[in-house]
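got a predicted model here, sequence first, then my questions.
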Amino acid sequence: MPKAPSLKLIVTAGDPDGIGDEVVYKALLQAHSLRQVIFIVMTAPPQHPFIRMLRVRVLKKYLSRVYSSLDAALSDEDARVRLRFVENGAPPPLWVEQGARACLQKKSAALVTEPLSKTLIRDSGLQDIGHTEILARVCGVEKTGARMAFVGQKFNVVLATGHLPLKDVAVHTTEEALFTSLELADEFRTCLPSRMKNLPIALVALNPHAGDDNLIGQEEATVFRAALTRAVSSGVHVVGPLVPDAAFLPANWRRFSIYVCPYHDQGLIPFKAIHGHESGAHITLGLPVIRT
């Protein structure tokens, strides 16, 4: 029987002062049975004793090598080497750039990223505010836009805007931003489990009480209505705008496939409060590559 092809995954370990290395090594301990996968981990040599201990445990399960460049790790044809460390001294935000370009060139099946602090991105010389913005720039989708999406056991969330100060959210919550988010959410919906994929998308309002008939803001009656009209005309099964303070009540979780939220914390506070660290995954919609 012919041998199954190896699937290469690039993993960026993120901020060296963060939780990334711990998450990566613990995940690798659980993933060692995935024999068809080659893990290419972009990281720095571990300094903390606990991380060094985790790395030793991982190395007992894998045949591994250390490379000075991502290209060298990707081009090694020895499929037995299922764990490949890239340690080249580059700032961690640049690992994300390199990993995304490798995925664009079809050298890797997907990119898996660990957290980066915003200050580390800035100090590395990049002008981007976060992973999503780095990936959108590298992949050439800055104009059409990438969207943060979160997949959970209880419910799913897509954010219509990115890392913005709260005072700027209303300005960026445009008809186009909402419509694009609904289109991407609709495509995302088809990948969900069968119990969810046929449910409507919920568009969450921007203002308290969904504007309350224009008494607390007019966006719902203007921008949201226009985006909803376009989306429905395009075949998107969507309802809204939902009153934000009631949208995420448990009784609603089984009513909707995805919540589309106008801004970052509106979607992430309920998502993280419910899913915590036990479940949930972050993916980026709108990219020509897979990133989680």
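In hand now; what should we look at?

use CA for all of it now, contacts and neighbours both
OK.

break down the stretch 1-150 of the chain into its helices, ranges please.
For the stretch 1-150 of the chain, applying DSSP state H, counting those that start in this stretch gives helices covering 20-31, 49-59, 70-75, 92-104, 118-123, 131-139.

now tabulate the ones you listed in JSON lines and tack on mean pLDDT, mean neighbour count and distance to T222.
Formatted as JSON lines, these follow (pLDDT from 0 to 100; neighbours: other CA atoms under 10 Å; distance: least, CA to CA, whole Å):
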{"stretch": "helix 20-31", "mean pLDDT": "95", "mean neighbour count": "17", "distance to T222": "42"}
{"stretch": "helix 49-59", "mean pLDDT": "95", "mean neighbour count": "15", "distance to T222": "52"}
{"stretch": "helix 70-75", "mean pLDDT": "97", "mean neighbour count": "16", "distance to T222": "48"}
{"stretch": "helix 92-104", "mean pLDDT": "96", "mean neighbour count": "22", "distance to T222": "37"}
{"stretch": "helix 118-123", "mean pLDDT": "91", "mean neighbour count": "15", "distance to T222": "34"}
{"stretch": "helix 131-139", "mean pLDDT": "93", "mean neighbour count": "20", "distance to T222": "28"}
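
tell me which of those helices lies nearest to E183.
Among the helices of the stretch 1-150 of the chain, the nearest to E183 by CA to CA is helix 131-139 (17.0 Å).

could you dump the helices of the stretch 1-150 of the chain into JSON lines with distance to V289 added?
Shown next, in JSON lines, are the helices of the stretch 1-150 of the chain (distance: least, CA to CA, whole Å):
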{"stretch": "helix 20-31", "distance to V289": "21"}
{"stretch": "helix 49-59", "distance to V289": "28"}
{"stretch": "helix 70-75", "distance to V289": "17"}
{"stretch": "helix 92-104", "distance to V289": "6"}
{"stretch": "helix 118-123", "distance to V289": "21"}
{"stretch": "helix 131-139", "distance to V289": "8"}
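
which stretches of the stretch 151-292 of the chain have low pLDDT?
Of all residues in the stretch 151-292 of the chain, none has pLDDT under 70.

contacting residues around K154?
253, 274-275 (CA atoms under 8 Å, 6 or more residues apart in numbering).

same question for D76.
Not one residue lies near D76 by CA under 8 Å, 6+ apart.

please determine how far it is located from S69.
Here the criterion is CA to CA, to the nearest Å. By it, D76 lies 11 Å from S69.

what is the neighbour count of L34?
Neighbours of L34 under the rule other CA atoms under 10 Å: 11.

nope, I283 is what I meant
I283 - counted by other CA under 10 Å - has 20 other residues nearby.

in contact with it, which residues?
Shown in contact with I283 (CA under 8 Å, 6+ apart): 148-151, 290-292.

among those residues, who's most crowded?
A149 (26 neighbours).

is that residue in contact with V158, as I believe?
Yes. A149 lies in contact with V158 (CA atoms under 8 Å); the separation is 4.3 Å.

now the strands: where do they sit in the protein?
With DSSP state E as the criterion, the chain has strands at 7-12, 37-42, 64-67, 83-86, 110-113, 147-151, 157-159, 201-204, 238-242, 258-261, 281-285.
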